[in-house]
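Asks: attaching a predicted model along with its sequence, questions to come.
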Number of protein chains: 2
Amino acid sequence: MKLLVVGSVAFDAVRTPRGSVDRMVGGSATYFSVAASYFTQVRVVGVVGEDFADEHHQVFLERGVCTEGLERVSGKTFFWSGEYSANLNDCRTLATDLNVFASFQPKLPLPYRRTPFLFLGNIDPELQRHVQQQMEHPQLVAGDTMNFWIEGKRKELEATLCNIGVLIINDSEARLLSGEHNLVKAARAIRALGPPTVVIKRGDNGATLFRDGEVFSTPALPLEEVYDPTGAGDSFAGGFMGYIAAQTPEGTQPIPGVLRRAVIYGSVMGSFAVEHFGLERLRRLTRPEIDARYQEFRQLTRFE
Amino acid sequence: MKLLVVGSVAFDAVRTPRGSVDRMVGGSATYFSVAASYFTQVRVVGVVGEDFADEHHQVFLERGVCTEGLERVSGKTFFWSGEYSANLNDCRTLATDLNVFASFQPKLPLPYRRTPFLFLGNIDPELQRHVQQQMEHPQLVAGDTMNFWIEGKRKELEATLCNIGVLIINDSEARLLSGEHNLVKAARAIRALGPPTVVIKRGDNGATLFRDGEVFSTPALPLEEVYDPTGAGDSFAGGFMGYIAAQTPEGTQPIPGVLRRAVIYGSVMGSFAVEHFGLERLRRLTRPEIDARYQEFRQLTRFE
């Protein structure tokens, strides 16, 4: 089943202890799309500037992602630059030039409006809502957000949360959103705001899914080399939603087993994302590699 | 099979956001013994002062722990006092009065010397070595250490590490000992120092076991209320070693399946330890409660 994502498409400059890249295609919708494309057909809604050339579109096209919703306007593409600390735990943002993203007004092409699965990437909650209003009865809506919106647009964010099925956020965002340090309490408080399912990403400590009467948790795959953590969370969301979209029959909700496996496939895609700079590793995967790593997660966590 | 532990027996004063206790029995050997006692017969080697009364001995006796090796000397028992931060992640030590522990020279009663399983709790590595030298071909030796010894008695610690089968330490200790931030590299570097198996405890992020060609990882049980983290790591070690001692036939080494289940039983005992102040929860458990929580870990982590 088709999967629609709305979010940022950007150029990134990244410096990590393993090296640096001055300019590469990035953005939350890009990582999400590429990760999800290994599971299902993806449609992307976003905006780029005149500097986003054919070669940059390739990252979507080579993965069969439909870019009909990727608007191109005059001006420059969103640019983000960041530098990671020696242990990769902290990232200092050096530049955030919104450029054409500042006036982004997502407009869904007509055929997109009936996409059964929707992921609202980390954009202004008003825009998230605006996208939702253009959709015709999506089967499942998931979303992401960040500290900036939690602090700056709380009311608008709560309106979005009322209408989504799954919120996928990281631990610090969950704590900020809920005002609870304890993640069990945080998840309950967030579920009370609307989403029946909350997935909390904990970086190299894994991920935990909370829903009614059920908790599922996985450690991350212990990796020896992490080149670049950029996009790991979006790749997680892409693997998670891509798998769900592929495995959930029309008109139904994902069953518990599918949600659990989706957390693992999300973790798999996140683990690949960090193995190279930007999208380098992610865009050159094969499905057998993905499934082999899924099996690695089974080996990692299995006990009788 | 019997299990011998050497380590500290203490009085603790603890302040956490949930309350405070002025004086209760604690110490690494105590938490370890009580946790392990649910799986196998435990012998404890340590030292207490004249203020350690019959009522305090009860914590061992009620759990069937043999205290023949618990020396009582003139002076006061080791006293530790600490205060946890609001989110329980940091602990500020308010007092460390070694008292009789300062001149502790572990002496093993004759019948103890043939105990098949040995756990060297977090004491001076010279004393750890001294204990090992008194033992007659133990089947499996595991150990713990801490920043204080890693920094202050590196050479002596390396001599201990040469002769143990399993090192059980937390993530910050693993990083300090190895000089590697990445835990895969840290575990490899530590294994190169001697112990074929390294278990890294990561607090509320779970635990990971590393051995030749195998990694096993579990998340922690998401707990809504944590009263007091004191002793959680020692309780983990007690559950881990207790289960191994119970499940490993004479003259053999633990099989991989037993090691994996031991990590889970360790996590189970750690999760109980933090549910109340000091040993309160741990000393009043039943084996069915322990096994039920083991099943909770299966529910938490299982996927097909």
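Replies: Great, that's in hand.

Asks: return the residues of chain A in contact with chain B.
Replies: Residues of chain A lying near chain B by CB under 8 Å from any CB of the partner chain: A:86-87, A:181-185, A:202, A:205-206, A:208, A:215-219, A:222-226, A:257, A:260-261, A:263-264, A:298, A:300-304. Glycine gets a C-beta too; all of them are placed from N, C-alpha and C.

Asks: what's next to stretch A:243-252, contact-wise?
Replies: Contact partners of stretch A:243-252, identified using CB atoms under 8 Å, 6 or more residues apart in numbering or on different chains, comprise A:1-3, A:36, A:39-40, A:116-117, A:139-140, A:254-255, A:258-259, A:261-262, A:265-266.

Asks: let's see 6 Å
Replies: Residues from elsewhere that reach stretch A:243-252 (CB atoms under 6 Å, 6 or more residues apart in numbering or on different chains): A:1, A:3, A:39, A:40, A:117, A:254, A:258, A:262, A:265.

Asks: same deal with stretch A:133-141?
Replies: A:108, A:113, A:114, A:116, A:117, A:118, A:164, A:165.

Asks: what sits against the last one?
Replies: Under the criterion of CB under 6 Å, 6+ apart, the neighbours of residue A:165 are A:140, A:141.

Asks: SS state for the closest residue in space to residue A:132 that isn't next to it in sequence?
Replies: Once flanking residues are discounted, residue A:132 sits nearest to residue A:163: 6.0 Å by CB to CB, 6 or more residues apart in numbering or on different chains. Of the three states, residue A:163 takes coil under DSSP: H, G, I helix; E, B strand; the rest coil.

Asks: tell me, how many residues neighbour residue A:163?
Replies: 15 (other CB atoms under 10 Å in any protein chain shown).

Asks: same question, residue A:286
Replies: 9.

Asks: could you count how many residues lie near residue A:142?
Replies: Around residue A:142 there are 24 residues (other CB under 10 Å).

Asks: quick check, it in a helix?
Replies: No - judged by three-state DSSP, residue A:142 forms no part of a helix; its state is strand.

Asks: could you check how far the nearest residue to it once chain neighbours are set aside is from residue A:121?
Replies: Excluding its sequence neighbours, the residue lying closest to residue A:142 (CB to CB, 6+ apart) is residue A:166, at 3.9 Å. For residue A:166, the distance to residue A:121 equals 13 Å [CB to CB, to the nearest Å].

Asks: more neighbours: the two, which one.
Replies: Between residue A:166 and residue A:121, counted using other CB under 10 Å, residue A:121 has the larger neighbour count: 29 against 24.

Asks: tell me, how many residues neighbour the residue lying closest to the more buried one once chain neighbours are set aside?
Replies: Spatial nearest neighbour of residue A:121, excluding adjacent residues (CB to CB, 6+ apart): residue A:7 at 2.3 Å. A total of 28 residues lie near residue A:7 under the criterion other CB under 10 Å.

Asks: separation between residue A:7 and residue B:209?
Replies: 38 Å.

Asks: ok, now residue A:216?
Replies: From residue A:216 to residue B:209 the distance is 21 Å (CB to CB).

Asks: so which strand or helix has the residue most central in space within chain A?
Replies: Centroid-nearest residue in chain A: residue A:234, 2.7 Å away (criterion: CA atoms, centre = their mean). Counting by DSSP states H and E, the element that carries residue A:234 is helix A:232-247.

Asks: could you do residue A:157 as well?
Replies: Secondary structure assigned from DSSP H and E places residue A:157 in helix A:154-161.

Asks: which residues does the nearest residue to residue A:189 once chain neighbours are set aside contact?
Replies: Distance criterion CB to CB, 6+ apart; nearest residue to residue A:189, sequence neighbours excluded, is residue A:178 at 3.8 Å. Residue A:178 makes contact with A:186, A:189, A:190, according to CB under 6 Å, 6+ apart.

Asks: which of those fall within helices?
Replies: A:186, A:189, A:190 (DSSP state H).

Asks: in the stretch 151-300 of chain A, which spans are helices?
Replies: Taking DSSP state H, counting those that start in this stretch as the criterion, the stretch 151-300 of chain A carries its helices at A:154-161, A:171-178, A:183-192, A:232-247, A:256-273, A:287-301.

Asks: most tightly surrounded among the ones you listed?
Replies: Highest mean neighbour count of the helices of the stretch 151-300 of chain A: helix A:232-247, a mean of 28 (counted as mean count of other CB atoms under 10 Å in any protein chain shown).

Asks: mean confidence (pLDDT) on that one, please.
Replies: Regarding helix A:232-247, the rounded mean pLDDT is 98.

Asks: report the angle between it and helix A:287-301.
Replies: 110 degrees (axes from the mean of the first three to the mean of the last three CA atoms, to 10 degrees).

Asks: in PDB, could you pull the C-alpha coordinates for helix A:232-247?
Replies: Provided in PDB are the C-alpha atoms of helix A:232-247 (Å, rounded to 0.1, in the frame of the first residue of the first chain):
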ATOM      1  CA  ALA A 232      18.900   8.000  11.700                       C
ATOM      2  CA  GLY A 233      15.600   8.900  13.300                       C
ATOM      3  CA  ASP A 234      13.900   9.700  10.000                       C
ATOM      4  CA  SER A 235      15.300   6.400   8.600                       C
ATOM      5  CA  PHE A 236      13.800   4.600  11.600                       C
ATOM      6  CA  ALA A 237      10.500   6.200  10.900                       C
ATOM      7  CA  GLY A 238      10.800   5.300   7.200                       C
ATOM      8  CA  GLY A 239      11.500   1.600   7.900                       C
ATOM      9  CA  PHE A 240       8.800   1.500  10.500                       C
ATOM     10  CA  MET A 241       6.100   3.000   8.300                       C
ATOM     11  CA  GLY A 242       7.300   1.400   5.100                       C
ATOM     12  CA  TYR A 243       7.000  -2.100   6.700                       C
ATOM     13  CA  ILE A 244       3.500  -1.300   8.200                       C
ATOM     14  CA  ALA A 245       2.300   0.000   4.800                       C
ATOM     15  CA  ALA A 246       3.500  -3.100   3.100                       C
ATOM     16  CA  GLN A 247       2.000  -5.500   5.700                       C
END
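
Asks: check the offset of it from the chain's centre.
Replies: With CA atoms, centre = their mean, to the nearest Å as the basis, helix A:232-247 stands 7 Å off its chain's centre.

Asks: swap in stretch A:273-285?
Replies: 15 Å.

Asks: which residues belonging to that stretch are considered buried?
Replies: Buried residues in stretch A:273-285, counted by 16 or more other CB atoms under 10 Å in any protein chain shown: A:273, A:274, A:276, A:277, A:278, A:279, A:281, A:282, A:283, A:285.

Asks: now do it: distance from first to last residue.
Replies: 10 Å (CA to CA, to the nearest Å).

Asks: what comes into contact with it?
Replies: Residues from elsewhere that reach stretch A:273-285 (CB under 6 Å, 6+ apart): A:21, A:24, A:26, A:34, A:226, A:227, A:228, A:229, A:231, A:232, A:235, A:272.

Asks: picking up where we left off before, wait, the residue nearest to residue A:121 sits on residue A:30?
Replies: No - counting by CB atoms under 6 Å, residue A:7 does not reach residue A:30; the two are 8.0 Å apart.

Asks: rewinding a little: any idea how far the residue nearest to residue A:189 is from chain B?
Replies: As judged by CB to the nearest CB, to the nearest Å, residue A:178 and chain B stand 13 Å apart.

Asks: could you do residue A:117 as well?
Replies: 21 Å.

Asks: contact partners for residue A:216?
Replies: When contacts are counted by CB under 6 Å, 6+ apart, residue A:216 is found next to A:209, A:260.

Asks: show me what it bridges to in the sheet.
Replies: Judged by DSSP bridges, the bridge partners of residue A:216 are residue A:209.
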